[in-house]
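**Q** A predicted structure for the sequence below; I have some questions about it.
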Amino acid sequence: MKYVLLLFLALFAMAADGAASDGMLDISTLNAQRAQYDGQQLTLFGYLVIGPESMYLVKRLGYDKDYWAKDSGCLSLLNTGDLSDKEDTYNGKFVEIKGLFRANNYSYGISFSECGLTGIDIDGSPSKHIKILKRGGQ
């Protein structure tokens, strides 16, 4: 019985470590600790806001707090490819998004569609890095 318990604890520890290395974080937590995650591949969940002057991920629809706050619940989308052409498909949807986190998006140039200093680079391939989920969650 003792060995079964040890095996269970070891498997639980490996599973917990795997989830942490996948980078599944709350957007506000990520933004508050931006230097720690800069340059890392992350998996995030949230709602996409896509429009003429908006291209970002928020922790909840209707997010209206300060986008430039250190713990903002908003994350700019970077290197988006043809995402703006797919507004009808993605806008307002709860998604899983995978990409490279950037603590400072200034190197991507000036953009009127950003929501703060941080962003996630989806390598110009929205269909490869964004997965629409069936449930809303937050």
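**A** Nice, thanks for sending it over.

**Q** leaving out sequence neighbours, find the closest residue to residue 35.
**A** Residue nearest to residue 35 in three dimensions, not counting chain neighbours: residue 103, with 5.8 Å by Cβ to Cβ, 6 or more residues apart in numbering. Just so you know, the C-beta spots here come from the backbone N, C-alpha and C atoms, and that holds for glycine as well.

**Q** if I pick the one you found, what's in contact with it?
**A** If a contact means Cβ atoms under 8 Å, 6 or more residues apart in numbering, then residue 103 has 34, 35, 37, 38, 117, 118 as its contacts.

**Q** which two among the residues you listed are spaced furthest apart?
**A** The widest separation within those, taken as Cβ to Cβ, falls between 37 and 117 and amounts to 13.2 Å.

**Q** buried ones among the contacts of residue 103?
**A** Buried members of those, counted by 16 or more other Cβ atoms under 10 Å: 34, 37, 117, 118.

**Q** which residues does residue 39 contact?
**A** Contacts of residue 39 (Cβ under 8 Å, 6+ apart): 100, 101, 102.

**Q** tell me which stretches of the protein form helices.
**A** Using DSSP state H, the helices of the chain run over residues 2-21, 27-32, 34-37, 87-90, 126-129.

**Q** those: lowest mean pLDDT?
**A** Ranked by mean pLDDT, the helices of the chain bottom out at helix 2-21, which scores a mean of 38.

**Q** which one is the most centrally placed residue in the chain nearest to, not counting chain neighbours?
**A** Central residue of the chain (Cα atoms, centre = their mean): residue 44, 3.5 Å from the mean position. Once flanking residues are discounted, residue 44 sits nearest to residue 97: 5.3 Å by Cβ to Cβ, 6+ apart.
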